[in-house]
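# My questions are about this predicted structure, shown below with the sequence.
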Amino acid sequence: MTVSPVARDDASAAFFDGTRAGRFLLLRNRSTGEYLDPRTPRSDDDGLAPVPASGTGRVVSWSVVHSTPSEDGDPVRTVVAIVGLDEGLWWWCRLVGVNPDADLFDLRVEVDFVPSGPDPEHETVPVFRPATEKSGGR
């Protein structure tokens, strides 16, 4: 399963500027230090700032999406997951580089970035894959 083409809007521009630069941005409340989803509605005086996240976490839950056969006739199986980010948020995502038949609970993962479509206006989106030792995988 490929990622469907994604295009930015005003609300998502900062997030996608980050993904194009290889950074996974969350919002952080300047006064409390709390991390928030980057899709949190914003105002000019909300005290929220986009900050790079670690890009690591653990699989909380997952499912395998079965779709129509590919051009070679093989069925396509895509793993989608909820990742508990190390910053405390849950992120819904595609999980790549894993066996769809494996028990993925608590698997350490790290963010990667893939194009969402072939055209330049299609954004780079975050996906997660098994963490390497270098990124803090255990």
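Noted; the coordinates are in hand. Numbering: from 1, shown residues only.
# Any regions of the chain where pLDDT drops low?
1-3, 135-138 (pLDDT under 70).
# Strands along that one, start to end?
Assigned by DSSP state E, the strands in the chain fall at 25-29, 35-36, 48-52, 56-67, 76-85, 90-95, 108-115, 124-130.
# Turn those into TSV, including distance to Ser12 and mean neighbour count.
C-beta coordinates here come from the backbone N, C-alpha and C atoms, glycine included. Shown next, in TSV, are these (distance: least, CB to CB, whole Å; neighbours: other CB atoms under 10 Å):
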stretch	distance to Ser12	mean neighbour count
strand 25-29	11	20
strand 35-36	15	17
strand 48-52	11	15
strand 56-67	21	16
strand 76-85	18	18
strand 90-95	15	18
strand 108-115	15	19
strand 124-130	11	19
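# ok, for the most centrally placed residue in the chain, nearest residue in space, not its chain neighbours?
In the chain, the residue lying closest to the centroid (CA atoms, centre = their mean) is Pro126, at 3.7 Å. Distance criterion CB to CB, 6 or more residues apart in numbering; nearest residue to Pro126, sequence neighbours excluded, is Val111 at 5.0 Å.
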